[in-house]
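Engineer: Quick one, structure for this:
(one chain, ligands or ions: 2)
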Amino acid sequence: MKPQAIIFDLDGVVTDTAHLHFLAWQRIAREIGIDIDEQINEQLKGISRMDSLARILRHGGAEQRIDQQQRLRLAEQKNALYVELLQDLRPDSVLPGIAELLEQLHTRDIRVGLASVSLNAPRILDALGLAIQFDFCADAGKIKRSKPDPEIFLAACEGLSVSPVNCIGIEDAQAGIEAINASGMLSVGIGTQLKHADLLLTSTKELSWTCLHTFWLTKHSKQAV
Ligand code: BG6
Ligand code: MG
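Structural biologist: Ligands and ions are numbered 1, 2, ... in the order given. As a prediction, this is how the structure comes out:
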């Protein structure tokens with residue numbers, strides 16, 4: 001008894017781009033007189049570019065003074081900064097344990113999916129040398145609702161032709177855990193502050209096939225009782 005697919009978030013799970021998003025947003029926010037810290041950044045994880053900007057503006061009480069045209073320009077500037085920061089990504093920027101886990105999944109014929117709302121996901125996977133390791137990557141450009149909506153995880157399941165109940169999702173964001181749970185998959189959280197994850201690990205170092213398989217068996221034997 002084993003899961004048919006493991007579906008990964010990208011930023012903060014496969015590589016530490018969550019921090020690069022923060023650095024880019026911090027620069028943009030400063031230009032319009034808003035300070036953001038790591039705590040605000042937690043709320044931006046898993047949220048689309050425009051929704052992230054809306055949250056930053058709300059935090060700075062600037063929703064009224066920045067119109068849609070200015071928002072589009074700010075989002076474009078943030079992305080240009082972010083893409084510049086991505087230039088440093090290399091295969092060794094993959095977080096510990098992830099490359100080994102991907103190998104272990106392939107050996108066992110477990111499908112591998114990506115559920116990232118980042119429009120930069122394809123270029124990041126290429127820079128990490130991991131594009132070939134994913135059987136299906138949901139297209140963020142086709143997603144209407146950011147996490148915590150389950151849309152992107154359901155799109156990944158559909159692309160892999162698997163039912164969510166046969167999958168495990170891995171996330172570092174609270175919105176992502178809510179999205180996985182709402183999709184019907186089992187959720188694995190990476191971090192210390194996450195709530196409602198079916199399994200919480202402090203770091204990707206703890207991820208392995210043995211860990212995921214044991215978790216799956218535990219959950220399914222409990223359901224059978
Ligand atoms: C998510 C990140 O993966 O992608 C968010 O967690 C980010 O922080 C979102 O805003 C959108 O990314 P991008 O690359 O399309 O701006
Ligand atoms: Mg993430």
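Engineer: so is residue 187 in a helix, a strand, or just coil?
Structural biologist: What DSSP: H, G, I helix; E, B strand; the rest coil gives for residue 187 is strand.
Engineer: in the sheet, who's paired with it?
Structural biologist: Partner residues in beta bridges with residue 187, using DSSP bridges, are residue 169.
Engineer: I figured it hits residue 199, correct?
Structural biologist: Yes. Applying Cβ atoms under 8 Å, one finds residue 187 in contact with residue 199, separated by 7.4 Å. Any C-beta I mention is one placed from the backbone N, CA and C, and that applies to glycine too.
Engineer: With neighbour numbers in mind, choose between the two.
Structural biologist: residue 187 (23 against 19; other Cβ atoms under 10 Å).
Engineer: list the contacts for that one?
Structural biologist: 168, 169, 170, 171, 177, 180, 181, 196, 197, 198, 199 (Cβ atoms under 8 Å, 6 or more residues apart in numbering).
Engineer: again, 7 Å this time
Structural biologist: Residues near residue 187 by Cβ atoms under 7 Å, 6 or more residues apart in numbering: 169, 171, 177, 180, 181, 197, 198.
Engineer: what does residue 103 give?
Structural biologist: Counting by Cβ under 7 Å, 6+ apart, residue 103 has no contacts.
Engineer: Please report how far it lies from residue 97.
Structural biologist: 11 Å (Cβ to Cβ, to the nearest Å).
Engineer: just to confirm, which helix or strand has the residue nearest to residue 49 when sequence neighbours are not counted in it?
Structural biologist: Closest residue to residue 49 apart from its sequence neighbours, by Cβ to Cβ, 6 or more residues apart in numbering: residue 75 at 5.2 Å. For residue 75, the host element (DSSP states H and E) is helix 68-86.
Engineer: if we can go back for a sec, okay but the residue nearest to residue 49 is in contact with residue 51, surely?
Structural biologist: No. Residue 75 is beyond contact range of residue 51, at 10.2 Å (criterion: Cβ atoms under 7 Å).
Engineer: residues contacting the residue of the chain found nearest ligand 2?
Structural biologist: Per Cβ to the ion, residue 12 is where the chain lies closest to ligand 2, at 3.6 Å. For residue 12, the contact set (Cβ under 7 Å, 6+ apart) comprises 18, 45, 172, 173.
Engineer: Okay, helices next: where are they in this structure?
Structural biologist: Here the chain has its helices, by DSSP state H, at 17-31, 38-44, 49-59, 68-86, 98-107, 121-128, 151-160, 174-183, 209-224.
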